[in-house]
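Chemist: Next input, structure requested:
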Amino acid sequence: MEVKGRMISRGIGRGKVLISTEPISFYGGVDPERGVVVEKGHPLEGKYLKGVVLVFPTGKGSTVGSYILLSMKKNGVSPAAIINRECDPVVAVGAIIAGIPLVDKLERDVFSLLKNGQTVKVDGNKGTVILKR
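Modeler: Now for the predicted structure:
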């Protein structure tokens, strides 16, 4: 099944879905060297982001978060792709400069459509998410 959304950052990423229903702050909330969520009390605290399709509503926090995404990419621990309900400028810029495919505003609610561990393909060139059967 293919679901359309809005293209934010080009490229194609595949991986298993990791969902947070809470916003993510990359600056201070994610360790850019290990790619692990370190924000205390966050639903993904202790989870590694390397190679996953990271699904969350939107970003939060400092503009430095854009550079944290770039650092994660350079360190080989970034998500394979990102899907947001509605992308904020910090996450958009970070994904673009890091070359991480990102789509948002899917035509169906992302949190009822996707499940943790499900394999998906994010096509940032077309703004689509393809669910594996």
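Chemist: what pairs with the residue nearest the centre of the chain across the strands?
Modeler: The chain has residue 82 as the residue nearest its centroid, 2.5 Å off, counting by Cα atoms, centre = their mean. In this entry, residue 82 is beta-bridged to residue 54, residue 102, by DSSP bridges.
Chemist: measure it to residue 40 for me?
Modeler: 22 Å (Cβ to Cβ, to the nearest Å). (Each C-beta comes from the backbone N, C-alpha and C, glycine too.)
Chemist: how about low-confidence regions in this protein?
Modeler: 133 (pLDDT under 70).
Chemist: hey, where'd the helices end up in it?
Modeler: For the chain, the helices defined by DSSP state H cover 65-74, 89-98, 110-113.
Chemist: For those, give me TSV that also has distance to residue 120.
Modeler: TSV is the format used below for those (distance: least, Cβ to Cβ, whole Å):
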stretch	distance to residue 120
helix 65-74	19
helix 89-98	16
helix 110-113	10
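Chemist: need those helices in CSV with mean neighbour count, can you?
Modeler: Output for these, formatted as CSV (neighbours: other Cβ atoms under 10 Å):
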stretch, mean neighbour count
helix 65-74, 21
helix 89-98, 21
helix 110-113, 16
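Chemist: ok, residue 5 - contacts?
Modeler: 83, 103, 104, 105, 106, 107, 127, 128, 129 (Cβ atoms under 8 Å, 6 or more residues apart in numbering).
Chemist: What separation do you get for it and residue 22?
Modeler: 20 Å.
Chemist: One more: residue 45?
Modeler: 10 Å.
Chemist: how much space between residue 96 and residue 132?
Modeler: Applying Cβ to Cβ, the value for residue 96 to residue 132 is 26 Å.
Chemist: And for residue 11?
Modeler: According to Cβ to Cβ, residue 11 and residue 132 sit 18 Å apart.
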